[in-house]
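>>> Just need the structure, nothing else, for what follows:
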Amino acid sequence: MRTDPLNIVILGLSVTSSWGNGHATTYRGLIRGLASRGHRILFLERDVPWYAENRDQPCMSEARIQLYRDFPDLLARFEGEVGRAHLVIVGSFVPEGIRVGEWVTSVAKGITAFYDIDTPVTLARLEAGECDYLSRQLIPRFGFYLSFTGGPILGRLERSYSAAMSRVLYCSVDPSQYYPERREHRWDLGYLGTYSADRQPALERLLLDPARRLPAGSFAVAGPMYPPGIRWPENVERITHLAPARHRRFYASQRFTLNVTRAGMVAAGYSPSVRLFEAGACGVPIISDRWDGIETLFQPDREILLADSAHDVLRYLLDTSEEDRAAMGARARAAILTAHTPQCRAMQLERYYREAYDNLFAHTARRNGRSRKLHNGAPSGNPPQRRRPAAGVAAGPEAGGSASPCDLQQPAGTSRGDGGADRPLAGSAGSAERCGK
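Residues are numbered from 1 along each chain as shown. So this is what the prediction gives:
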């Protein structure tokens, strides 16, 4: 069942820069999936120096991206578009996120959602009273809560934090950008990820220790922010930063790739990283740390290899035949194409939107004793007493204005970055069919 095209506004940490964060890659995939199904997207990003200096994708052909200087600038320029949108999503770690969330849930006439790309981190900060982008009081004001983590934590969000509706929305991977590529293997095992203190012990155990025990092997660690005090074995190559455009080549140059999960995500379970899906889409066999829920994504010993120690890793590297290695990579890619493409995530979001819409309508109908009709199986308009934009009004420039969808809109007084548009998503129809209804 297909939802009529929606005007969607997303306020996220960053979509223009993947430097030191996993949010940008997640948002890019979701945007491509939504655009491929006809939805119109406006992405609003706070213009901060760290990302301004490291923008690896300043614009996208599938969405209109605009930068705002600060909260007053956000209100002055975008209150109308936020108010008229069918769906407004606020992401985790947005600067002044509580203030932004309170404003969105006050002015939006459509459905609102919070997208938590850091759910275990968020809940730990809420418990400690140290979360500056979300508050307990704000959570029930959103129409639904999207979580990067699935499993039991979803029920906890509803029971303990009064989320109106909590649903999982994992990251995704674009198979038109991540696919098998024939290259000479440069490394036996590689890892791609930003430094994290709570993830480093697992990296030591599952890559650096195996590298020390296998001096004839070759290894690689790519990612920023690793402190200078780490003692890297001589057979471990360090790559400070790897832009997304180079990820596929990096994966293809490995016999196996390592997935290591942050401690909070391991404790919560059901928390796959985008790197896990990227490697799977490239058909590279994955060696991963173990956590609850990973078996719901990949079948252990057929689509993924789970390791608890350096001994496990060395056994996989030394004892797996080339035939078995290639077959495992192919099965992992098949699992990705079945359930973890951008179109799959877009279809999930459509279902959640309809569910939240129905929940809101049912509440209003019980209060007012009204009924309504559905159009093509989807809501025919915004909920009762909520004004929908006139036909043809998109989440774009104000009336009388125009902008290219790939025009990076920046706050007044700032310079524009250059960058090209991504390729259109290929094979959307087939991917959508594999995702189910």
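
>>> and the longest helix seen in the chain, what other elements does it pack with?
If each helix of the chain is counted by residues according to DSSP state H, the longest one is helix 342-368. Based on contacts counted as 3 or more Cβ pairs under 8 Å, 6 or more residues apart in numbering; DSSP states H and E, the elements that helix 342-368 packs against are helix 23-36, strand 111-116, strand 144-147, strand 166-168, strand 378-379, helix 428-434. C-beta coordinates here come from the backbone N, C-alpha and C atoms, glycine included.

>>> and with 6 Å instead?
If contacts are counted by 3 or more Cβ pairs under 6 Å, 6 or more residues apart in numbering; DSSP states H and E, helix 342-368 sits against helix 23-36, strand 111-116, helix 428-434.

>>> could you give the mean pLDDT of the last one?
Looking back up the chat, that one is helix 428-434. The pLDDT scores in helix 428-434 average 38.

>>> now swap in the shortest one and tell me
Model confidence over strand 111-116 averages 98 on the pLDDT scale.

>>> how far does it sit from the chain's center?
Between the mean C-alpha location of strand 111-116 and the chain-wide mean there is a distance of 13 Å, by Cα atoms, centre = their mean, to the nearest Å.

>>> how big is the angle separating it from helix 342-368?
Using axes from the mean of the first three to the mean of the last three Cα atoms, to 10 degrees, the interaxial angle of strand 111-116 with respect to helix 342-368 works out to 130 degrees.

>>> for the first one, same thing?
On the basis of the same axes, to 10 degrees, helix 23-36 is oriented at 80 degrees to helix 342-368.

>>> how about the CA coordinates for whichever helix or strand comes after helix 23-36, as CSV?
Stepping forward along the backbone from helix 23-36, the first helix or strand reached (DSSP states H and E) is strand 40-46. Extracted in CSV, the C-alpha atoms of strand 40-46 (Å, rounded to 0.1, in the frame of the first residue of the first chain):
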residue,chain,number,x,y,z
ARG,A,40,9.4,15.8,-1.0
ILE,A,41,12.1,16.5,1.6
LEU,A,42,13.5,19.6,3.2
PHE,A,43,16.6,19.0,5.5
LEU,A,44,17.5,21.7,8.0
GLU,A,45,21.0,21.6,9.5
ARG,A,46,22.6,23.9,12.0
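
>>> which residues sit against strand 40-46?
When contacts are defined by Cβ atoms under 6 Å, 6 or more residues apart in numbering, strand 40-46 is touched by residues 7-11, 14-15, 31, 34, 63-67, 95, 394-395.

>>> Of those residues, which belong to strands?
7-11, 64-67 (DSSP state E).

>>> closest to Ala128 among these?
Distance to Ala128, by Cβ to Cβ, is smallest for Leu11 among the ones in strands among the contacts of strand 40-46, at 24.4 Å.

>>> Okay, and Gly190 sits in which element?
Assigned by DSSP H and E, Gly190 falls within strand 187-192.

>>> packing partners for that strand?
Under the contact rule (3+ Cβ pairs under 6 Å, 6+ apart), strand 187-192 is packed against strand 219-222, strand 254-259.
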